[in-house]
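**Q** quick one: sequence plus predicted model below, questions after.
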Amino acid sequence: MKMHNFNAGPCVLPREAVESAIEAIRNFDNTGIGLLEISHRTPGWERIMAETEQLWRELLNIPEEYEVLFLGGGASTQFFHVPANLLNKKAAYLQTGVWAKKAAKEAKFYGEVEIVASSEDKNYTYIPKDYVIPTDADYFHITTNNTIYGTEIRKDIDCPINLVADMSSDIMSRPIDVRKYALIYGGAQKNVGPAGVTFVIVRKDVLGKVDRPLQTMVDYRTHIGTEAKNKSMFNTPPVFAIYVMHETLKWVKKMGGVEEMNRRNIAKAELLYNEIDRNRMFVGTAEKEDRSIMNVCFVMAEKFKDKEADFMAFAKQRGMVGIKGHRSVGGFRASIYNACPLESVQALVECMRDFEKLNA
């Protein structure tokens, strides 16, 4: 039976990237030494680092005035790295989910934090509108996609101050105008690789402006380095995770880039949302205008609440993996990131239709 992976992260990866990583573990770059054993100072690895950065720049049209860094610690570490480097007096945050709330909490260690708007009043089922961004803040922080609640900001907003975005779960899913952001960061384990590496895209002119001294590893300038060979390698980088990122981005480019990813993702999301809206047994949880094309969240209709466990078991028998909703929302969540094939979404839709025929 074919398994269909809808895990929220770590999640489905391109088969090509997985197979390439397996081979590299055995023998990296024809050295006779495996990827997990090589020195990160070998010429072959320095080439992979340079190529990975170039792929980022090419796929997202990243201008020269931005640095691209590959760090450890996950996006949660960036929750305090960002304010450490950018917050002098006050920062503004848009609170659209648990991760946005946690990011704001960490920023409070460094200065005043203003929550400009929050959708917590309705369990984060919508993206706040008509808020005012304070122009006296050092930066405005947004979380573009909310994995737990299935909402997404799908356009690059106009911001009068430095805009910072956590794009952990929708980076490379659509074209973005990098110039509208001062800093973009995220964990790789959704669209651009496995857990273990964090990407940071930062405009160089925003750094070095805070009054506080910074710990060496917290300061982004440490990881930019003065020589190309030291970039993102002040300490040993997460070699395996970066290699899989390299192979994943090669796949994105081969498939047609972020424009093609966007086309595919919209098609997958429309197919699944249309079934949720048609099917008598299911109801979407996010406001329609704010629905994510990365994480599709839905629950049983009130009339069929007692069938939730039955559907979960039915879906499991049909090869659906990872569709259980987050504990704070319940129900179901299908994460349909870049590498999730259309046939998996079609299989889930057929599963929902067949369950309806049997139970409704």
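**A** That came in fine, so what should we check first? Given the structure is predicted, the values throughout are model-derived calculations rather than measurements. Numbering: from 1, shown residues only.

**Q** which residues touch stretch 255-266?
**A** 59-60, 172-176, 191, 252, 293-294, 336, 338, 342 (Cβ atoms under 8 Å, 6 or more residues apart in numbering). Every C-beta, even on glycine, is put in place using the N, C-alpha and C of the backbone.

**Q** if we go to 7 Å?
**A** Residues outside stretch 255-266 that contact it (Cβ atoms under 7 Å, 6 or more residues apart in numbering) are 59-60, 172-175, 252, 293, 336, 338, 342.

**Q** likewise for stretch 194-213?
**A** 10, 13, 62, 65-75, 77-78, 85-88, 162, 178, 182-189, 192, 220-221, 238, 240-242, 244-245.

**Q** still on that earlier bit, which among the contacts of stretch 255-266 gets closest to residue 230?
**A** residue 60 (23.0 Å; Cβ to Cβ).

**Q** show me what contacts the closest one?
**A** 176, 178, 258.

**Q** recalculate using a threshold of 8 Å.
**A** 172, 175-176, 178, 201, 258.

**Q** now the buried members of those residues.
**A** When the contacts of residue 60 are checked for burial by 16 or more other Cβ atoms under 10 Å, the buried set is 172, 176, 178, 201, 258.

**Q** where does the last one land in three-state SS?
**A** Secondary structure state of residue 258, per DSSP: H, G, I helix; E, B strand; the rest coil, is helix.

**Q** coming back round to it: need the contacts of residue 60 in TSV with pLDDT, can you?
**A** As requested, these are exported to TSV (pLDDT from 0 to 100):
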residue	pLDDT
172	98
175	98
176	98
178	98
201	98
258	98
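
**Q** just the ones of those in strands?
**A** The strands, defined by DSSP state E, take in residue 201 from these.

**Q** quick revisit: now for the contacts of stretch 255-266, which pair is the farthest apart?
**A** Longest span within those, Cβ to Cβ: 60 and 342, 23.7 Å.

**Q** tell me which of the contacts of stretch 194-213 fall in helices.
**A** Among those, DSSP state H puts 74-75, 77-78, 85-86, 220-221, 240-242, 244-245 in helices.

**Q** before we move on, back to that, among the buried ones among the contacts of residue 60, which pair sits farthest apart?
**A** 201 and 258 (13.8 Å).

**Q** which stretches in the stretch 101-250 of the chain count as strands?
**A** With strands called from DSSP state E, counting those that start in this stretch, the stretch 101-250 of the chain shows them at 112-118, 140-143, 145-146, 151-152, 163-166, 183-187, 198-203.

**Q** between those strands, which one is nearest to residue 357?
**A** strand 151-152 (30.7 Å).

**Q** and that closest one, how far out from the chain's middle?
**A** 12 Å (Cα atoms, centre = their mean, to the nearest Å).

**Q** and for stretch 56-69?
**A** Using Cα atoms, centre = their mean, the offset of stretch 56-69 from its chain centre is 17 Å.

**Q** ok, now stretch 155-169?
**A** 14 Å.

**Q** quick one: end-to-end distance for that stretch.
**A** 15 Å (Cα to Cα, to the nearest Å).
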